[in-house]
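In: A predicted structure for the sequence below; I have some questions about it.
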Amino acid sequence: MALILSTTGNPELWLAAQMNSRPRRVTKNKSNESGPCWSPDGRRLVVTSDARGKPQLYGVNLSSGALTRIPTNVSGHCSEAAWNPRDSNKIAFTAAMGGGFQVCLYDFGSRKSRTLTTGVSHGLQPCWVNDGRHLIYTQRLRSGSQRLMILDTEGEGAKPEPLHGENF
């Protein structure tokens, strides 16, 4: 289990082997860590950290706590990583773009990102469906209303579809 605890003054990554076991501190730095996300095989972990001033995604060395920035190259503000449950080469994440937020996809194999959502509404908090093909995310409209959307990440030119009306 990965935890973010701030008992040392700033949010750090801790790991616990079981529910009732004492957690072990992994990161020891002055930056703020958040949003830990395990790879499907449980061997790798991604966190959001502001180690370079703004939130970015980092891989964590689980024994040393060293952070390695994931080169998303789409934004100076990336967070909310979600690892694909079927393809451990892919993570979805939220990126600040054009005065708002959009959902993006990073591929560790090609070391490239692509933006999955566009437009004036914000795309936030991506979460993979177990098929590893579809994402559910929160769409925040300019009116302030929010709704859950589903998106086929493999379909050429696929458009997000709402899972319910705007008055959810």
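Out: Received, thanks. Numbers count the residues shown, from 1 in each chain.
In: Centroid-nearest residue for the protein?
Out: Centroid-nearest residue in the chain: residue 81, 1.1 Å away (criterion: CA atoms, centre = their mean).
In: Which strands or helices does the helix or strand containing that residue pack on?
Out: Using DSSP states H and E, residue 81 sits in strand 78-83. Judged by 3 or more CB pairs under 8 Å, 6 or more residues apart in numbering; DSSP states H and E, strand 78-83 is in contact with strand 33-38, strand 45-49, strand 56-60, strand 90-97, strand 122-128. C-beta: built from backbone N, CA, C; applies to glycine.
In: With distance to residue 70 as added columns, please give these in TSV.
Out: Shown next, in TSV, are these (distance: least, CB to CB, whole Å):
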stretch	distance to residue 70
strand 33-38	11
strand 45-49	7
strand 56-60	4
strand 90-97	8
strand 122-128	15
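In: mind checking which of those is nearest residue 160?
Out: Closest to residue 160 of the helices and strands packed on strand 78-83 is strand 122-128 (CB to CB; 7.9 Å).
In: which outside residues touch that closest one?
Out: Residues outside strand 122-128 that contact it (CB atoms under 8 Å, 6 or more residues apart in numbering) are 80, 82-85, 92-94, 100-103, 116-117, 134-140, 149, 160.
In: how does it look with 7 Å?
Out: 80, 82, 84-85, 92-94, 100-103, 117, 135-140 (CB atoms under 7 Å, 6 or more residues apart in numbering).
In: State the distance from residue 19 to residue 1.
Out: Going from residue 19 to residue 1 by CB to CB, to the nearest Å gives 7 Å.
In: what about residue 107, neighbour count?
Out: The number of residues packed near residue 107 is 14, by other CB atoms under 10 Å.
In: wait, it sits on residue 92?
Out: No. With contact defined as CB atoms under 7 Å, residue 107 does not count as touching residue 92 (10.8 Å).
In: Now do the buried residues in stretch 6-22.
Out: Buried residues in stretch 6-22, counted by 16 or more other CB atoms under 10 Å: 11, 12, 13, 14, 15.
In: how about the residues you listed in TSV, adding secondary structure?
Out: Below are these laid out as TSV (DSSP: H, G, I helix; E, B strand; the rest coil):
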residue	secondary structure
11	coil
12	strand
13	strand
14	strand
15	strand
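In: Give the burial count for residue 69, as a bare number.
Out: 13.
In: Identify the bridge partners of it.
Out: Counting by DSSP bridges, residue 69 forms beta bridges with residue 58.
In: what separates it from residue 28, distance-wise?
Out: 18 Å.
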